[in-house]
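sequence and predicted structure below; questions after.
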Amino acid sequence: MEDLTNVERAVELLQKLGLKEYEAKCFVALTQLPSGTAKHISEISEVPRTRVYDAVRVLETQGLVEIQHANPQRFRAVSIDEAAQTLRSEYESRTESLRETLQGVEAATVDDEVDVSHEVWALSGSAAIATRTTQLVDEAESEVVLIVGHESALTDDLVERLESAQDRGVSVVVGTVSESLHEDVRAVLPGAEAFVSELEWLRSTAADDATEITRLLLVDRTTILVSTTHSGGATGEQSEQAVFGRGFENGLVTIVRRLMSTGLFPVDDPYADPAADGGSSDAS
């Protein structure tokens, strides 16, 4: 698929934020003009002139467009920064309303109990995986061990959550797969224990291997999340997937915990001691 132009991409993003197609096209057209009439907007946006008026009225009610009542009427978009803030506030308001509404939905009951110690779940999409990562960090009570495989995983939001975890007394240990990432971690999280991993398989070295480990998270030694990013297709588009599990006896958690005690940390690191694994009560 050919890359979208900035105009097409802007229209697409505005639609994802709740605007209809004609509204999005008219707004983008107005950002290209100091001000304009319906005729100007129609010529630039290719929106039928009779539909421009309806679209602009909606944009005005949303605080995105100003109207000059002249003859003919003239319109202009608010500044880009103001528009972004207005849309952000509206989006946050809607998501908060959604959260409160969903919390009020009555839970259904089914006769299907599952042993959580054997659950392994899959999750797709970078945004969803980043959200789950920060959620798990927020739940930590004693220890967070995070291995950063790609710089994209070390977001500002995650750094803030890790700092908050430290403030409440949680031990935060951050490993990286390279020296450059190690320096980045030390710069943004000076209070965390940081190291460069000694596990070679964390690094993608094969020329034909388009998959790399993005992050590996272990929380309180009972919850694990591993995510990978795969580059494929003619455009090299990237997609991220993750698996996670909970429970001290969960097989996935057990495997990763044991890997961490046999090569993940530097040999002189106190976390490398297998005895720190809780007495190896999960044997088998």
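Here it is on my side, so go on. Residues are numbered from 1 along each chain as shown.

number of nearby residues for the nearest residue to V78 once chain neighbours are set aside?
Taking CB to CB, 6 or more residues apart in numbering as the measure, V78 lies nearest to L64, with 5.9 Å between them; neighbours along the chain are not counted. Every residue, glycine included, has its C-beta placed from N, CA and C. Here the neighbour count serves as a burial measure; for L64 (other CB atoms under 10 Å) it reads 23.

wait, L64 sits on A84?
No. Counting by CB atoms under 8 Å, L64 sits too far from A84 to count as a contact (10.2 Å).

what strand or helix carries A187?
helix 179-188 (DSSP states H and E).

just checking, what packs against that helix?
Helices and strands in packing contact with helix 179-188 are listed as strand 171-176, strand 193-196; criterion 3 or more CB pairs under 8 Å, 6 or more residues apart in numbering; DSSP states H and E.

out of those, which is the most enclosed?
The densest packing among these, expressed as mean neighbour count by mean count of other CB atoms under 10 Å, is seen in strand 171-176 with a mean of 22.

and A77, what are its bridge partners?
Beta bridges link A77 to V65 when assigned by DSSP bridges.

for it, which residues are in contact?
F27, L30, T31, L59, L64, V65, E66, A83 (CB atoms under 8 Å, 6 or more residues apart in numbering).

just Q241 next, same as before
Applying CB under 8 Å, 6+ apart, the residues near Q241 are A122, L123, S124, I129, S227, T228, H230.

inside strands: which ones of those?
Those of the contacts of Q241 mapping onto strands are A122, L123, S124, S227, T228, H230, per DSSP state E.

okay, those in CSV with distance to V256 and neighbour count next?
Formatted as CSV, the entries for those read as follows, by distance: CB to CB, whole Å; neighbours: other CB atoms under 10 Å:
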residue, distance to V256, neighbour count
A122, 16, 8
L123, 16, 16
S124, 20, 11
S227, 13, 25
T228, 14, 19
H230, 20, 15
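
of the residues you listed, closest to A187?
Distance ranking of the ones in strands among the contacts of Q241 against A187, using CB to CB, places S227 first at 22.8 Å.

which residues touch the closest one?
I129, T133, A153, I213, T214, R215, L216, E240, Q241, A242.

tell me, how many residues neighbour the second one?
Pointing back at T133 there. Applying other CB under 10 Å, we find 25 residues neighbouring T133.

what of the last one?
Per other CB under 10 Å, the neighbour tally for A242 reads 24.

name the SS class of it, please.
Reduced to three states with DSSP: H, G, I helix; E, B strand; the rest coil, the structure at A242 is strand.

what's the spacing between the closest residue to it other than its chain neighbours and K20?
Using CB to CB, 6+ apart and skipping residues adjacent in sequence, the residue nearest A242 is S227, 3.7 Å away. For S227, the distance to K20 (CB to CB, to the nearest Å) stands at 35 Å.

before we move on, what about T134?
T134 sits 32 Å away from K20, going by CB to CB.

quick one, which of these two is more surrounded?
Set side by side, T134 and K20 show unequal neighbour counts under other CB under 10 Å, the larger going to T134 at 18 against 13.

tell me which residues touch that one, please.
Going by CB under 8 Å, 6+ apart, T134 touches D157, L158, R161.

over to I213: give its phi and psi.
phi -70, psi 120 (degrees, to the nearest 10).

with the one 3 residues further on instead?
L216 has phi and psi values of phi -140, psi 120 when expressed as degrees, to the nearest 10.

with the one 4 residues further on instead?
Backbone torsions of D220, given as degrees, to the nearest 10, read phi 50, psi 20.

was I right about it contacting V145?
No. Using CB under 8 Å, D220 is not in contact with V145; the gap is 9.6 Å.
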